[in-house]
Each structure stands twice: as structure tokens, then as C-alpha cells.
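> curious how this folds, go ahead:
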Amino acid sequence: MRTPSAAVKAALDFAPLLVFFVANRVADIYVATAAVMATTLIAMAIARFVYGRVQPMLWLVGAMVFVFGTATLLFHDAEFIKIKLTVIYALLAGVLLFGVATRRPLLQLVLGETFPALSARGWRRLTWNWIVFFIALAVLNEVLRRTLSDDDWVTFKVFGVTILTFVFALAQTPILLRHGTRD
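Alright, predicted model coming up:
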């Protein structure tokens with residue numbers, strides 16, 4: 001089974017997001033919802049046929065896109081696609097909290113190959129940081145989905161969340177450096 005390169009993985013992850021943004025700008029959030037559903041399906045098919053499997057995160061996002069996207073289109077209510085972000089972040093925080101409660105290093109299972117030198121203490125700190133971050137994103141999305149226009153919310157989802165996640169991930173560098181077990 002081949003592993004996707006970082007560039008291909010980024011393309012599979014970000015193509016649906018960019019299609020969502022462009023379709024919303026060209027048309028509206030309903031066309032954007034249908035477009036992101038189609039693009040996500042294509043990304044999942046590419047992952048499956050080219051690499052032999054769909055990554056767990058792409059499965060999660062894909063399932064959520066189809067459930068909330070279908071509800072958005074059926075009921076012609078953009079709140080469904082907007083709340084998807086809250087549900088995903090709450091679910092991720094909940095899964096990580098479950099891992100902490102059961103003493104299972106779930107974040108390490110997902111990212112262990114990326115950071116093989118991180119100590120158990122480093123994984124615990126990193127896990128708690130991501131839990132807090134996911135909860136904060138869920139709360140922030142709830143506030144913004146209720147106060148922003150559809151267009152402004154789409155911009156926040158595509159660019160705001162991406163930038164916040166990138167900055168947060170970079171801010172974890174000291175933990176990675178401090179709790180690494182080898183060079």
C-alpha cells in the first residue's frame with residue numbers, strides 16, 4: 001500500500017475546501033455544499049484507488065460532509081453545513097478525551113509516524129493542547145455561524161480555521177522539542 005506524499009495529501013485535504021470557497025463566491029452556499037460533496041467524493045475515490053485506502057480523517061470529514069450537506073440541500077438550510085464544523089471539532093475533542101480517560105494514546109496512533117521521537121509525557125501534553133484547541137474551535141464556530149453572513153462564515157471556515165490551525169500547530173513546536181526522546 002503506497003503512502004501519499006505530503007503534496008498529494010494536502011491536495012486531497014484542501015481541494016474540497018477551496019472548491020467550497022470558489023463555488024460559494026461564484027454562486028451561493030447551496031451550490032458550494034453540492035460542490036464540496038462532489039469534490040470530497042472524488043478525493044476519497046482518488047485516495048482509495050491510488051493509495052489503496054482512505055485515511056481515517058478523510059472518512060470522518062467525508063461522512064460529515066455527506067450527512068450535513070444532504071440535510072443542507074434537502075431542507076435548504078445553510079445552518080446544517082455550518083454546524084458540521086462544530087460537530088467535527090466537538091467529536092475530535094471527545095475522541096481525544098476518551099483516549100485520555102481510557103489511557104489510550106489516540107493522538108499518538110494518528111500522528112506517531114510523524115513524531116516518532118516524542119515521549120509519553122509529550123504526547124499527553126500535545127493531546128491536551130489539541131483537546132482545548134478543538135473545543136475552542138467548536139465554540140468559535142458556534143459564535144460565528146450565528147453572527148456572520150453565509151459568505152463571511154465560508155471565508156472564516158476556509159481561511160480563518162486553516163490559519164488558526166496552522167498557527168496552533170506551529171505553537172506546539174516547543175513541546176515537540178522539549179519532549180523529543182532523540183534528535
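> next SSE downstream of the top helix by length along the chain?
Ordering each helix of the chain by length in residues (DSSP state H) puts helix 120-147 first. Once helix 120-147 ends, the next helix or strand along the chain (criterion: DSSP states H and E) is helix 150-155.
> now for that next one, which elements pack on it?
If you count contacts as 3 or more CB pairs under 8 Å, 6 or more residues apart in numbering; DSSP states H and E, helix 150-155 packs onto helix 6-26, helix 29-51. Placement of C-beta: from N, CA and C, glycine included.
> can you list the weak-confidence ranges in the protein?
Within the chain, the segments meeting pLDDT under 70 span 1, 4, 112, 181-183.
> residues contacting Ala90?
Phe134, Ile135, Ala138 (CB atoms under 8 Å, 6 or more residues apart in numbering).
> skipping adjacent residues, who's closest to the last one in space?
For Ala138, the nearest residue in space outside its immediate sequence neighbours is Tyr89; the separation is 3.9 Å by CB to CB, 6 or more residues apart in numbering.
> tell me which residues in the helix or strand containing the one you found are buried?
If you go by DSSP H and E, Tyr89 is part of helix 79-101. By 16 or more other CB atoms under 10 Å, the buried positions in helix 79-101 come out as 80-86, 88-90, 92-93, 96-97, 99.
> what separates it from the chain centre, distance-wise?
How far helix 79-101 lies from its chain's middle: 10 Å, per CA atoms, centre = their mean, to the nearest Å.
> and the next element down the chain from it?
Downstream of helix 79-101, the first helix or strand assigned by DSSP H and E is helix 106-111.
> can you list the neighbours in contact with that following helix?
Residues outside helix 106-111 that contact it (CB under 8 Å, 6+ apart) are Pro56, Met57, Val95, Leu96, Phe98, Gly99, Leu118, Trp123, Leu126, Thr127, Trp130.
> quick one on the thing from earlier: closest to Val61 among the buried residues of helix 79-101?
Closest to Val61 out of those is Ile88 (6.9 Å), distances taken as CB to CB.
> pretty sure the closest one is in contact with Gly62, am I right?
No: counting by CB atoms under 8 Å, Ile88 does not reach Gly62; the two are 11.1 Å apart.
> circling back to that earlier point, and the residue nearest to Ala138, what does it touch?
Per CB under 8 Å, 6+ apart, neighbours of Tyr89: Phe134, Ile135, Leu137, Ala138, Asn141.
> confirm for me that the last one is in contact with Thr86.
Yes: at 4.7 Å, Asn141 counts as touching Thr86 under the criterion of CB under 8 Å.
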